[in-house]
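[1] Take a look and give me a structure for this.
(chains A and B)
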Amino acid sequence: MWYRSASFILDKQQQQQNDTVTNPESRPPSSASTAMAAENPNANISMYYQTRAAHHAVVTNDWLAQAQAAVGGNPDDSVSDNYVSGGDEENRRYSVVDEFNNWRKQPELAEAVAAIRALASVIRSSQATTMMELEIELKKASDALKSWDTTSISLTAGCDLFMRYVTRTSALEYEDFNSAKSRLLERAEKFGEISYKARRIIAMLSQDFIFDGCTILVHGFSRVVLEVLRTAAQNRKLFRVFCTEGRPDRTGLRLSNELAKLDVPVKLLIDSAVAYSMDEVDMVFVGADGVVESGGIINMMGTYQTALVAKSMNKPVYVAAESYKFARLYPLDQKDMVPALRPIDFGVPIPSKVEVETSARDYTPPQYLTLLFTDLGVLTPSVIELHNPCCCAI
Amino acid sequence: MDPRRVSRTVSDPKVRHVGFFAPPAPPERSQSGPPDPTSSSPPVSGISPPGNSLSPVMIPPPRQPSTDLVRHYPHAPLLSPLGDPRAAESSVAVGSYNPSDFLSPSATTDCSDDPLSPRLSRMGSSGKFAMSLPSDEFDMPVAKQKDDVTLPPNVSDGGANMEVQKEKRAAGGKPLKEKTTKAERRAIQEAQRAAKAAAKGEYLMLIFHLEIFSSLQKDIVFLWQYDPVYLSLVLELIECSRPCHGLHSIPLQPYFHCLKSVFLTGNTTNSETVQLANCFLDVLIDVYLILCEHQDCEGSKASAAAATRVNPTNTGKPGKADAQKKDNSTVTASEKKGGDRQPDKDRKKDTPHPRMQFDDENRVEKAKKRSVVKQTEARNRVELFRHLPQYEHGTRLPELESKFFKLDSVHPAVYKVGLQFLAGEISGGNARCIAMLQAFQESIKDYSTPPEKALFRDLTTKINSYVSFLIECRPLSISMGNAIRFLKTRIAKLPLNLSESEAKANLISDIERFINEKIIIADKVIVKHAVTKIRDGDVLLTYASSSAVEMILVQAHELGKQFRVVIVDSRPKLEGQRLLRRLVGKGICCTYTHINAVSYVMHEATKVFLGASSVLSNGTVYSRVGTACVSMVAHQFRVPVLICCEAYKFHERVQLDSICFNELGDPDAVSRDYTRKEINSLDGWANSENLQRLNLIYDATPSDYVSMIITDYGMVPPTSVPVIVREYRRDQLWL
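    Presented below is the predicted three-dimensional model:
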């Protein structure tokens, strides 16, 4: 864009300068990122979106093969290689990530719930004798989890939520260690329930917005949105649903399957047909991977363009998201996030000279959203900031 | 340009739950539809009561004494034939109210088509005894009836109380009934308390009463169920506190008389009265808002003062004449401002109202009398900005310098800072604020309480006089206002049992802490947040010179980020040049251009970093003039605009344009270019009648053009500013 400007010449000069200066030492920032990558063998591939794909997608065999190739070697080897500090600690941290991956494999479990279960397992196996020790251990474990998959907002949010509970609950300070520990465990166990309840609340709140005879466009697969639609179907509402295909992992197909089972009239669209069919649509429903401080959402690739089309046609865009997905992030634009990449199957081999955009998510700014359905209530995007737990804790 | 928050299309007409709700939601809600407590219970009685149809739907008429209100006025002299109406008025006529308006013959002739006149004639027959009532009974209900408030006055007892009962009966079938009786009971209690409050002249009480009114807002009918004595008490209270709380602008006079007539006749059913009541409520709410605003800055202090105050004059003589009563109340009120007892001395030391309107000639005259700095007004003042101070520049500094050893009322440290402000040696929000606070620290260090005075009152007066001196040198920035407010709160909150040296040490350390926590550390936090937004290859555009932005750029450079900076600058201050100098000195690659070229350089920018003088609670950014232009262009080019501003600069005010509140600089600076002598086409034209030169210092950037505000509380959208303001104020109170 700035090629038009004369001062672009400065950029060029600077680039040349930098090349000559920094080449020998191979650029410090990237070396830092390789250190990170060593911790997580496939840092350039988002584990979060991989899991999503595995749970909700309809995948082809060659895609699986390609994904396998992309993932490369056995992650566990490299992970254990990297922990060299103290045998005991190494085992525990290793087990957190492992534990988390075990929980994550269950399709009905939300990512944040899996994270909290994993942390609970840390508490269970902990040999700490004081609350402080336990806290430090948990902190380490949650940091390990977070750095293991930086692309998953739910994971970060889940860890933060639990850590906040540990550090802020004053009741814990007045109890003896064992009862405090069991209280924490109880809380962790209950969190799955809380998450489910949140989904139920959202489904209930959204019923007022689904009216008979409406057409709903849904992008991608989201447990909350499915719950919303399921509740609406159970309430004998008459509506039909347009599902986008949700390339590349085709999560939309999964959703259309589920809806067909509920006898909801459903129509499948390819992702590029959103604008074509928008005039028939009454409202757009999407889930969210994360709700950011500006009130915008981070969600599966394609949400932004769906919202843009809906906005230009004056259709409301509703977001269904549990409040634990509120993240302390503030992206300014699409590229202002940790890149979450993922292999894409095009069906045919791609020539090596062709670059492929492999980002798995995009950011939808708040001005394109109408309302957010959360378990705190139905909110406009502008009040999200008030509910950010970190902000309230100032 | 599209607004940040667009209007939503909602196609379903049903009532929905938008907003917060308590998590345990009733599960049956999904089946039964939205529960709506008001609509679900239909009115029990078949006949719709008149009050029901009136209350929620009435649209209040404009607040100004519109013609139909003015027409009410002529009844007043008829109602009180024994008293001289002019005498009664002259004691209370203040501000914009002009009694002759209401007594003009045209208004009296209007009486014939006035819907109120039938009531008047009716009153002639049925309410004769009302006319025989001495007029001062209603002119000074507080003074007279203070001791027997519980006894309703003979006249209004017959009329209005009957009316109350009638209304009650009418309201009987309404679902609102419960609220009515509660409000009524409360009103009676309040009436008693109001009497006590009136005796003290305590305006905090008044605020409390007005709060009740504003909570009733739309249900005007309730107003008439209040005891009339109570209402007149409240009016009296307002009247008493008017001179000292900036309520001059509110025309109360018509209401006084209309209410009186209504009380006397007891006629409250026709729509005319309802309209009147609406106006009256609106006025009350206005008064309430103004008082609340006033209380914000002074309330805590006032309550502290009230707790310790002994007021012999007021408690001694209950039956004072109106004029004296008023006088007393001004004394007490000015005491709240932190003065000593004598009213004359006090008024001199009062700080002028922060938003003094300079087109109000009376007040300007008064302000001139007490000012230290001789200011000559500019000859050709810009018409649109007459409400802002426009003085001749360049004359004040030499005069003040010569007075340096003569002025004993101002501490030398403050004097020095004032001169530096005037000369422009210290500029920039943070620098000015820190300089001012440090000068105050010096002055507190040298302060000793005069005999027979309390430290916390006398010191506040001192600070006030310093502040008014500083204002004369250069209008305060909003951040400085906040800092002063902080300091005054601290003074008011000093424990009474502290010795003088302890109190002084306390205050000095408080100021130190404010400078450290709110400015210096806040800047560090802002830098920490903002640096995360700078990526390699960025081209950052900044306008003029902001200390926070400079720190961010330097820090990012030290972290080894590769970026370029475009500094946009503008005449006449050319502050960007100094920034440019420092950044280039640090080895940052910079481009320098003037604001004329901003649309050209915006192509290459990837982010815009701007400082701010203040952020207002609707997200408007109040900053160096030109900022709005830069951010608008950036918005048009889809470049994110990041505002860096410490939270102590936030203000709860709302501003929509750059006109109502601004600062005007030296007009010579825009019309003359000292660097280029050959451009002299305007030489000697400064005094031309047709030439008005405007040098605005600040402008307001609408929140639509701001992507993010970086504060010490993190990165927030402009819609969240009210949250920060709220949190910050609480924080400040605790500090």
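[2] Nearest residue to residue A:376 in space, please, no chain neighbours.
    residue A:323 (5.2 Å; CB to CB, 6 or more residues apart in numbering or on different chains). The way it works is simple: take the backbone N, C-alpha and C, and place the C-beta from them, glycine included.
[3] wait, that neighbour sits on residue A:375?
    Yes: using CB atoms under 8 Å, residue A:323 is in contact with residue A:375, at 5.3 Å.
[4] pLDDT below threshold where in the stretch 301-450 of chain B?
    B:301-356, B:370-379, B:393-408 (pLDDT under 70).
[5] Residue of it nearest chain A, please.
    In the stretch 301-450 of chain B, the residue that lies nearest chain A is residue B:430 (21.7 Å; CB to the nearest CB).
[6] how much space is there between that residue and residue B:545?
    12 Å (CB to CB, to the nearest Å).
[7] same question, residue A:265
    Counting by CB to CB - residue A:265 and residue B:545 are separated by 62 Å.
[8] one step back: okay, and the common contacts of residue A:323 and residue A:375?
    Common neighbours of residue A:323 and residue A:375, using CB atoms under 8 Å, 6 or more residues apart in numbering or on different chains, are residue A:198.
[9] residues near residue B:540, how many?
    24 (other CB atoms under 10 Å in any protein chain shown).
[10] That one falls within a strand, correct?
    Yes: per DSSP: H, G, I helix; E, B strand; the rest coil, residue B:540 lies within a strand segment.
[11] Look up the residues forming beta bridges with it.
    With DSSP bridges as the criterion, residue B:540 is bridged to residue B:565, residue B:607.
[12] Tell me if I'm right that it and residue B:601 touch.
    No: with contact defined as CB under 8 Å, residue B:540 does not reach residue B:601; the gap is 11.5 Å.
[13] Secondary structure class of the residue of the stretch 301-450 of chain B closest to chain A, three-state.
    Per three-state DSSP, residue B:430 ends up helix.
[14] Show me what residue of the stretch 101-250 of chain A gets nearest to chain B.
    For the stretch 101-250 of chain A, CB to the nearest CB, closest residue to chain B: residue A:208, 4.2 Å.
[15] right, is stretch B:521-531 up against chain A?
    No: judged by CB under 8 Å from any CB of the partner chain, stretch B:521-531 stays clear of chain A, getting no closer than 9.1 Å.
[16] contact partners of that stretch?
    For stretch B:521-531, using CB under 8 Å, 6+ apart, the contacting residues are B:430, B:547-548, B:551-552, B:555-556, B:559, B:561, B:609, B:642, B:644-648, B:710-712, B:714-715.
[17] what does stretch A:281-288 give?
    Contacts of stretch A:281-288 (CB under 8 Å, 6+ apart): A:209-210, A:214-225, A:228-229, A:242, A:297-299, A:303, A:306-307, A:310, A:315-321, A:325, B:11.
[18] returning to that earlier point: count the residues that sit near the residue of the stretch 301-450 of chain B closest to chain A.
    Neighbours of residue B:430 using other CB under 10 Å come to 22.
[19] what about the residue of the stretch 101-250 of chain A closest to chain B, distance to residue A:228?
    11 Å.
[20] between the two, who's got more neighbours?
    The residue with more neighbours, out of residue A:208 and residue A:228, is residue A:228; 27 against 18, by other CB under 10 Å.
[21] Could you double-check that that one sits in contact with residue A:320?
    Yes: look at residue A:228 against residue A:320 with CB under 8 Å: they come within range, at 5.7 Å.
[22] joint contacts of the two?
    A:202, A:206, A:285, A:373.
[23] just checking, next helix/strand downstream of the helix or strand harbouring the first one?
    Secondary structure here is read from DSSP states H and E; on that basis residue A:202 sits in helix A:177-206. On the C-terminal side of helix A:177-206, the closest following helix or strand by DSSP H and E is strand A:214-219.
[24] how far is that next one from where the chain is centred?
    On the basis of CA atoms, centre = their mean, to the nearest Å, strand A:214-219 sits 22 Å off its chain's mean C-alpha point.
[25] What of stretch A:355-365?
    For stretch A:355-365, the distance to the chain centre is 13 Å (CA atoms, centre = their mean).
[26] which outside residues touch it?
    With CB under 8 Å, 6+ apart as the criterion, stretch A:355-365 contacts A:46, A:49, A:151, A:289, A:292, A:294, A:296-304, A:307, A:331, A:333-334, A:336-337, A:339-344, A:346, A:350.
[27] Restricted to strands, list the contacts of stretch A:281-288.
    A:214-219, A:242, A:297-299, A:317-320 (DSSP state E).
[28] Can you get me a residue count around residue B:452?
    With other CB under 10 Å as criterion, residue B:452 counts 7.
[29] helix/strand/coil for the residue of chain B found nearest chain A?
    At 3.3 Å from chain A, residue B:604 is the closest residue in chain B, using CB to the nearest CB. Assigned with three-state DSSP, residue B:604 falls in the coil class.
[30] Now the closest residue to residue B:714 other than its chain neighbours, what are its backbone angles?
    In this structure, residue B:714 finds its nearest non-sequential neighbour in residue B:529, 6.2 Å apart by CB to CB, 6+ apart. With angles defined as degrees, to the nearest 10, residue B:529 sits at phi -70, psi -50.
[31] Over stretch B:598-618, what's the mean pLDDT, rounded is fine.
    Across stretch B:598-618, pLDDT averages out at 93.
[32] what distance separates the start and the end of that stretch?
    26 Å (CA to CA, to the nearest Å).
[33] Against residue A:298, how distant is the most centrally placed residue in chain A?
    In chain A, the residue lying closest to the centroid (CA atoms, centre = their mean) is residue A:289, at 3.6 Å. Remark: distance between residue A:289 and residue A:298 (CB to CB) = 5 Å.
[34] Quickly list what's touching both of those two.
    Contacts common to residue A:289 and residue A:298, judged by CB under 8 Å, 6+ apart, are A:153, A:361.
[35] Now the element after the host helix or strand of residue B:487, going C-ward?
    Element membership for residue B:487 (DSSP H and E) is helix B:478-492. Beyond helix B:478-492 on the C-terminal side, the first helix or strand identified by DSSP H and E is helix B:500-513.
[36] what's next to that next one, contact-wise?
    With CB under 8 Å, 6+ apart as the criterion, helix B:500-513 contacts B:437-438, B:440-441, B:444-445, B:447-449, B:455-456, B:459, B:487, B:490-491, B:494, B:498, B:735.
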